[in-house]
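K.L.:
quick one: sequence plus predicted model below, questions after.
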Amino acid sequence: MEPNTEINTELPSVNPLEAFFEKNWKTLTCVILALIIILGFIFFSKALKQTNLQKDGEELVSASLSNDSPITQLDKISKDKEKTITGGNALLLLANKHLENIPPNLEGAKTALTQFTSLYKDSPLYNDGLFALATLHEELGDSEKAEELYREINKPDNSASPASAIRLADLLYKEGKYNDASDAYVSAGITSGFASVFSKIASSKLSSTEETIALIEN
């Protein structure tokens, strides 16, 4: 009997943490957005000390916590306060609200994040917002756009780079681009030098990918 040489197209996964990353994209995206929203409020609070933005801050918090059409309120604030700290935070909160819907409104969240990344390139939260947007493109089936954004995020000393590098490699693997995926996992390990958990994930997935490549070549 010939040995089974069927190629496993499932993503290489070796521990529960990796499985969590693969199966809980929506939770991860919400967590990412929650974190950058918190950071946004920190930057916003600092701005309050220097400018007269108290009224804007109160309006933003009130809209985000409202039970009466918070999405409509946040959308209005994002337009009224476009290209301001308040407007940027409103877009992040708006994206989060769309994802909290049952079922989640992925297109609505994508639109809000697209606007944020277009208008707030100088924001300290830009790359985090871009990563959240990339995960949405991937989930919506636009792998080409997701890959483009993941590559854009992969820069040294970028807080979103480790997770983005792993997602890029996973995406290439799912598309059957095993050699490219292998290279991406190597790059992810290097990029994630300051984030040991991501480095370990990259190393483990690299090993599994190399086994797949060897199986194909033999």
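P.N.:
Yes, it's here.
K.L.:
dihedrals phi and psi, residue 157?
P.N.:
Geometry field for residue 157 lists phi and psi as phi 60, psi 30, criterion degrees, to the nearest 10.
K.L.:
what separates it from residue 127, distance-wise?
P.N.:
Counting by CB to CB, to the nearest Å, the gap from residue 157 to residue 127 is 10 Å. In short, each C-beta sits where N, CA and C put it, glycine included.
K.L.:
quick one: which of the two has more around it?
P.N.:
Comparing residue 157 with residue 127 by other CB atoms under 10 Å, the one with more neighbours is residue 127, at 22 against 7.
K.L.:
isn't that one up against residue 162?
P.N.:
No - look at residue 127 against residue 162 with CB atoms under 8 Å: they stay out of range, at 11.4 Å.
K.L.:
does residue 141 sit in a helix, a strand or a coil?
P.N.:
When the structure is split into helix, strand and coil by DSSP: H, G, I helix; E, B strand; the rest coil, residue 141 lands in coil.
K.L.:
going forward can the numbers begin at 482, since that is how I track them
P.N.:
Happy to do that; since the first residue is 482 now, the last one works out to residue 622.
K.L.:
burial check on it, number of neighbours?
P.N.:
Other residues close to residue 622 by other CB under 10 Å number 9.
K.L.:
again, but for residue 614
P.N.:
Residue crowding around residue 614 was assessed by other CB under 10 Å; the count is 24.
K.L.:
what about it, which helix or strand?
P.N.:
Under the criterion DSSP states H and E, the helix or strand holding residue 614 is helix 607-620.
K.L.:
can you list the neighbours in contact with the very next helix or strand once past that helix?
P.N.:
Past helix 607-620, heading to the C-terminal end, the next element that is a helix or strand (DSSP H and E) is helix 624-634. Residues lying outside helix 624-634 but in contact with it, judged by CB atoms under 8 Å, 6 or more residues apart in numbering, are 608, 611-612, 614-616, 618-619, 641-642, 645-646, 648-649, 652-653, 655-656.
K.L.:
cutoff 10 Å now
P.N.:
Under the contact criterion CB atoms under 10 Å, 6 or more residues apart in numbering, helix 624-634 has outside partners 591, 598, 607-609, 611-621, 623, 640-653, 655-656, 658, 661, 665, 672.
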